[in-house]
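Trainee: Here you go, sequence then predicted model.
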Amino acid sequence: MSDTTKTLCPYCGVGCGLEASPPAQPGKSINRDSIGTPIWKVMGDKAHPSSQGMVCVKGATISESLYKDRLMYPMVRDNLDQPFKRATWEEAYTRIVDRIETVLDTHGAEGICMYGSGQFQTEDYYAAQKLLKGCLGTNNFDANSRLCMSSAVSGYIQSFGADGPPCCYDDIEKTDFAFLIGTNTAECHPIIFNRLRKHHKKHDRVKMVVVDPRRTATAEAADIHLAITPGTDIDLLNGIAYLLLRAGKIDQQFIESCTSNFPAFTEVVQHYPPEIVASKCGISQADLEQTAKWWSTSQNILSFWSMGVNQSSEGTAKVRHIINLHLMTGQIGRPGAGPFSLTGQPNAMGGREAGGLAHILPGYRLVKNPAQRAEIEKLWNLPEGRIAPTSGKTAWEMITGLETGSVGLLWIAATNPAVSMPDLERTKAALLRSPFTIHQDAYYPTETAKYAHVLLPASQWSEKTGVMTNSERTITLCPAFRMPPGEAKADWEIFAEVGRRLGFKEQFWFQTSADVYAEFTKLSAGRPCDVTGLSHQFLKDNGPTQWPHPTGCKTQYGKRLYTDLQFNHPDKRAKFAACHSKGLAEPPDPDYPFVLTTGRLYGHWHTMSRTGRIPKIQQMHPDPFIEIHPRDAARLQIENGEMVEIRSRRGTGRFPALITAAINRGTVFVPMHWGELWAKDAEANLFTHDAACPDSLQPELKACAVQLVPVKSILPASAIPVGVPQKVSSKLGV
Ligand SMILES: Nc1nc2c(c(=O)[nH]1)N[C@H]1C(S)=C(S)[C@@H](COP(=O)(O)OP(=O)(O)OC[C@H]3O[C@@H](n4cnc5c(=O)[nH]c(N)nc54)[C@H](O)[C@@H]3O)O[C@H]1N2
Ligand SMILES: Nc1nc2c(c(=O)[nH]1)N[C@H]1C(S)=C(S)[C@@H](COP(=O)(O)OP(=O)(O)OC[C@H]3O[C@@H](n4cnc5c(=O)[nH]c(N)nc54)[C@H](O)[C@@H]3O)O[C@H]1N2
Ligand code: SF4
Ligand SMILES: [Mo]
């Protein structure tokens, strides 16, 4: 059908292909002010190699989110006590450019920060890097991927010498053993999970182990669920390695010819005999031994992980210890085998390619590498030495920079930190102190708008053209097929215009997003993520394509990295990590005896800016809640549905109890989705802390110590609000 547009789902990193077709009255939908026009029809694209026509409830309902509460025009105010007033783009640009010039005088380039997002398209990311890191000369660009994938990035870099998940989704149907750790794939990467579950059900020989302190929908499908105590992943992984070594089930030849640091690793592993590991992790020795047995006997092993691993004060070490198991058994570089991080956001992968974190540069280059900085300066036609030699501020350092006054301007785009940052009271207090905050978003209100001096209306998916890369390195063109509402503009256009007004006309020559992409692909020449063979036109004509894709490349899909077993370290070897487990940054104690963990539900997306506005999804998950084990609830005399006050060292909130044996004793869970626009005092990040992995600087959003107090013991009975407990989230079908 000619009026059907092929595109990509803009929610999770699975990256399902979609086909969008116009509503019954197509004429209306091209009027920029016609918010509320008929809704476009969206279906799975059967021809997309990653998803083969499947979609989950989020993809299926995406077009319902495009109309309500859109930010239509730039809005400005002089201070946070004033109401916003509508401004023209001209006024908004002038304010921003004047302020950037002032901050350059008062603070230097280091006073300017941009906090972006894995929901940018690659062109948005690239234009932002050129503006901040190139033209302005500050590496203070970080993305919400810092809270998400940065431990995976640093784990890959340390183990393999370069970032990049080595596997592809076709490995799912080729594996004999799927090892899922710290991932609720069924709810968060549902289409990957559908493929895996189908393969698992079909073949008796295929085994699945899930490691998670909660009995999620993912864990329910497993042959063994290892319900470990939060923070004991490295104990478990070293414990499996111990059993493999003891049984002699290692790939000696691979270890000798393709790896380094094995002796140091074996030295560490000796300290993890099964009796000690089982007891530390809170699992049975038999389950541990059976898991190790599958690691030793399976032909092809695929491991998957996401936030239960990355969002940890030892996130990088956890990632590297997963990779260790693949290295000691030679499970990499062939179909059905390898370590596979599941990317959270739709284009966090594109962000890594475009250099969208404070320590990297476009084309998988590093800020600290002088030769790589010089290459980029030359390609950008900027003076030598323009790119700063040190990493910029991370997301959290931007918050602490507001506290100390070192940040003079904070530009927040496509992320909602007033819900998603750790230690939220502290974050909000810091945002209140910001001398000048720009919030560039598709919706109004958002929780972060409250802290902004300038609101810029962003066009979003379906309204702007650009590319996105999914978890398996497949790049899909997402063309614009509707007009943006009001005066909304694409993120890259806004960055480019500010760049031009600051005097960088030559650097921001782009007329279209295809121009931006063309320049980016040139920069990738000879790099691990070489995409010199791609362009918007190529992707339009040939469909989704996996990287690497250098000029002249013939294969489009089904590619794996490291099939030649040559890694990216100078010695071409992959490096074993050798570390002991450190446990949680804030372990429970008599005052705060529970570990609070946080995460996602099947229907909602993050801070609900889209899914909170879709009735079907609101009905699926109407309210926040706290999951508590029945025995913990009995001890505290908490009944199902009763309001519970959660207190951590940093904040207090109230949630209805959902009593369920699906969570470990001593651990409680709250969903991350609800911000102050959607529920009162029910933000997961009221409790979390800023302790982060020393390598990736990713905060430990998955664990903090809390106490629980039934609200009835604080308030008189008449004043107690009654919450409605919902079904266990994991039962809400996939
Ligand atoms: N429905 C939905 N899907 C999404 C998203 C969404 O908002 N909604 N967001 C997307 C994004 S950006 C991301 S990053 C991904 C996240 O995808 P996931 O990482 O799968 O999701 P989470 O629920 O954050 O966390 C996963 C699991 O980690 C477990 N966990 C907690 N502590 C530990 C621990 O110490 N060890 C281990 N092994 N496990 C632990 C939690 O119990 C939880 O079940 O989802 C993506 N997909
Ligand atoms: N406690 C706890 N906290 C967490 C997590 C957790 O597991 N637990 N997970 C962390 C992780 S992994 C992530 S990824 C973050 C996510 O946290 P956020 O990034 O804060 O969440 P979103 O709601 O996805 O915010 C994206 C915003 O971008 C807007 N938007 C969408 N498309 C566009 C566009 O094209 N342009 C612009 N300018 N705006 C657009 C949306 O309207 C929305 O307001 O949360 C982190 N915080
Ligand atoms: S699995 Fe992810 S990419 Fe696929 S439809 Fe659902 S949210 Fe979209
Ligand atoms: Mo994420």
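Mentor: Perfect, thanks for sending it. Ligands and ions are numbered 1, 2, ... in the order given.
Trainee: Give me the buried positions along stretch 232-250.
Mentor: Residues of stretch 232-250 classed as buried: 232-245, 250 (neighbour count, 16 or more other CB atoms under 10 Å). Yep, even glycine has a C-beta here, placed from its N, CA and C like the rest.
Trainee: Closest one of these to ligand 2?
Mentor: Closest to ligand 2 out of those is D233 (15.8 Å), distances taken as CB to the nearest ligand atom.
Trainee: so what's that closest one up against?
Mentor: Residues in contact with D233, defined by CB atoms under 8 Å, 6 or more residues apart in numbering, are 181-182, 211, 308-309, 312, 318, 321, 581.
Trainee: ranking those by neighbours, who comes first?
Mentor: Most neighbours among those, by other CB atoms under 10 Å: S312, with 32 neighbours.
Trainee: OK, contacts around the residue lying closest to it once chain neighbours are set aside?
Mentor: Counting by CB to CB, 6 or more residues apart in numbering, S312 lies nearest to E700, which is 5.3 Å off, once chain neighbours are set aside. By CB under 8 Å, 6+ apart, the contact list for E700 reads 311-313, 315, 584-586, 688-689, 691-693.
Trainee: would you turn the residues you listed into CSV with secondary structure, pLDDT and distance to ligand 4?
Mentor: Formatted as CSV, the contacts of E700 follow (DSSP: H, G, I helix; E, B strand; the rest coil; pLDDT from 0 to 100; distance: CB to the ion, whole Å):
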residue, secondary structure, pLDDT, distance to ligand 4
Q311, coil, 98, 9
S312, coil, 98, 14
S313, coil, 98, 17
G315, helix, 98, 13
L584, coil, 98, 20
A585, coil, 98, 20
E586, coil, 98, 21
T688, coil, 98, 14
H689, coil, 98, 18
A691, coil, 98, 18
A692, strand, 98, 15
C693, coil, 98, 15
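Trainee: Show me which residues of the stretch 101-250 of the chain sit near ligand 4.
Mentor: Proximity of the stretch 101-250 of the chain to ligand 4, by CB under 5 Å from the ion, involves residues C148.
Trainee: what about the residue in the stretch 101-250 of the chain that ligand 2 sits nearest to, neighbour count?
Mentor: Residue nearest to ligand 2 within the stretch 101-250 of the chain: C148 (3.3 Å; CB to the nearest ligand atom). Here the number of neighbours of C148 (other CB under 10 Å) works out to 25.
Trainee: Likewise for H629?
Mentor: For H629, using other CB under 10 Å, the count is 19.
Trainee: picking up where we left off before, list the contacts for the residue of the stretch 101-250 of the chain closest to ligand 2?
Mentor: Counted by CB under 8 Å, 6+ apart, C148 has contacts 118, 307, 310-311, 344-345, 348, 698.
Trainee: ok, which stretches of the stretch 501-650 of the chain are helices?
Mentor: Assigned by DSSP state H, counting those that start in this stretch, the helices in the stretch 501-650 of the chain fall at 513-523, 536-542, 615-620, 630-635.
Trainee: Quick one: list the elements packing against the longest one.
Mentor: Packed against helix 513-523 by the contact rule (3 or more CB pairs under 8 Å, 6 or more residues apart in numbering; DSSP states H and E) you find helix 122-129, helix 370-379, strand 466-469, helix 491-501, helix 536-542.
Trainee: now swap in the last one and tell me
Mentor: Using 3+ CB pairs under 8 Å, 6+ apart as the contact test, the elements touching helix 630-635 are strand 652-659.
Trainee: Check which element follows the strand it packs on along the chain.
Mentor: As assigned by DSSP states H and E, the chain's next helix or strand after strand 652-659 is strand 667-671.
Trainee: Outside of stretch 216-225 itself, list whatever touches it.
Mentor: So stretch 216-225 is in contact with 180, 183-187, 193, 197, 200, 207-210, 212, 215, 227, 287, 290-291, 602, 662, 730-731, 734, going by CB under 8 Å, 6+ apart.
Trainee: Dump stretch 188-203 to CSV, restricted to CA.
Mentor: C-alpha atoms of stretch 188-203 as CSV (Å, rounded to 0.1, in the frame of the first residue of the first chain):
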residue,chain,number,x,y,z
CYS,A,188,10.4,-4.9,29.1
HIS,A,189,11.5,-6.6,25.8
PRO,A,190,8.3,-8.5,25.1
ILE,A,191,9.0,-9.4,21.5
ILE,A,192,12.5,-10.8,22.2
PHE,A,193,10.8,-12.8,25.0
ASN,A,194,8.1,-14.1,22.6
ARG,A,195,10.7,-15.4,20.3
LEU,A,196,12.7,-17.0,23.1
ARG,A,197,9.7,-18.5,24.8
LYS,A,198,8.5,-20.1,21.6
HIS,A,199,11.9,-21.6,20.9
HIS,A,200,12.2,-22.8,24.5
LYS,A,201,8.7,-24.4,24.4
LYS,A,202,9.4,-26.1,21.1
HIS,A,203,12.6,-27.9,22.0
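Trainee: E90 should be in a strand, yeah?
Mentor: No: judged by DSSP: H, G, I helix; E, B strand; the rest coil, E90 forms no part of a strand; its state is helix.
Trainee: quick one: it and C258, what's the gap?
Mentor: From E90 over to C258 the distance is 59 Å, taken as CB to CB, to the nearest Å.
Trainee: Quick one: name the residues of the protein near ligand 1.
Mentor: With CB under 6 Å from any ligand atom as the criterion, the chain meets ligand 1 at residues 12, 148, 181-184, 187-188, 211-214, 216, 230-231, 233, 306-308, 344-345, 597, 599-600, 602, 604-606, 702-703.
Trainee: Would you mind giving me the ChimeraX syntax to select the buried ones in these?
Mentor: Here is the ChimeraX command that picks out the buried ones among the residues of the chain next to ligand 1, judged by 16+ other CB under 10 Å:
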select :12,148,181,182,183,184,187,188,211,212,213,214,216,230,231,233,306,307,308,344,345,597,599,600,602,604,605,606,702,703
